[in-house]
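> sharing a sequence plus its predicted fold:
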Amino acid sequence: MSTAVDTAPDKTAPDRAAALDEVLARDPVLPVVVLDRAADAVPLAEALLAGGIRTVELTLRTPAALTAIERIASTVPDIAVGAGTVLSPQHARDARTAGARFLVTPGATPRLLDALRQTGLPHLPGVATASELLALHERGLRHAKLFPAEASGGPALLKALGGPFPEFRFCPTGGISIESAPAWLALPNVACVGGSWIAPRDEIAAGAWKTIAQRARAAAALRP
């Protein structure tokens, strides 16, 4: 006996889409950050703000991530802090409790998509193929993270996907640099790009906040 998957359109999706549009429109580059120490969260957020960046995705790859999200959400409210590398329903729930304003995943399954919806938060599911986009389309979603962006085919892939899916807005992430970002940002279906180069893990560990602020300033200047 087979179990049907509920792919009915989500009636609350338009409201979350509007909220996600607001977040993605803040900056041309969404910093993707791994934090090993929660104590670095606020200095990082302040460095990004100093450089003109008002969003950050903190990946749930370290034990410090949830506490770091909580500290930024409560101390630096001008930064829209999101949780990345959301891999499970528990990740989604924990990130919401910590104060994340949006959720980002590297891929999407029906179970995970259900959990993302249940949080009520705007979310950016990861895709790499047309079939995965179609699954989001069936649920009424219109935003996606293309991952891994460069390895999956680069701007040419996203340009091609824009034909059958003109209503989708993307945040390509993975392998993008400050040199390659303009080619992505020139595409009409790209809202912003994800970038790990703004705040590398080793520079965060060294407390190189001025350098990170300078990188943030250069990234903010990429706005088309």
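Looks like it came in fine.
> could you use CA atoms for every contact and neighbour count after this?
Fine.
> which residues sit in contact with residue 117?
By Cα atoms under 8 Å, 6 or more residues apart in numbering, the contact set of residue 117 is residue 123.
> which residues touch the spatially most central residue of the chain?
Geometric centre of the chain, nearest residue: residue 104, 4.7 Å, by Cα atoms, centre = their mean. Going by Cα under 8 Å, 6+ apart, residue 104 touches 57, 82, 83, 84, 85, 86, 123, 124, 125, 126, 145.
> for residue 135, see how far away the closest residue to residue 152 other than its chain neighbours is.
Counting by Cα to Cα, 6 or more residues apart in numbering, residue 128 is the residue found nearest to residue 152 once chain neighbours are left out, at 6.5 Å. Per Cα to Cα, to the nearest Å, residue 128 is found 12 Å from residue 135.
> more neighbours: these two, which one.
Higher neighbour count among residue 128 and residue 135: residue 128, with 21 against 16, using other Cα atoms under 10 Å.
> so what does that one look like in phi/psi?
In terms of degrees, to the nearest 10, the main-chain angles of residue 128 are phi -140, psi 0.
> same check on the one 4 residues further on?
As for residue 132, its main-chain torsions (degrees, to the nearest 10) stand at phi -70, psi -40.
> contacting residues for it?
Each residue near residue 132 by Cα under 8 Å, 6+ apart is listed here: residue 108.
> so what pLDDT did the residue nearest to the centre of the chain get?
pLDDT recorded at residue 104 is 98.
> start the count at 431 instead of 1 going forward.
Right, with 431 as the first residue, what we last looked at is residue 534.
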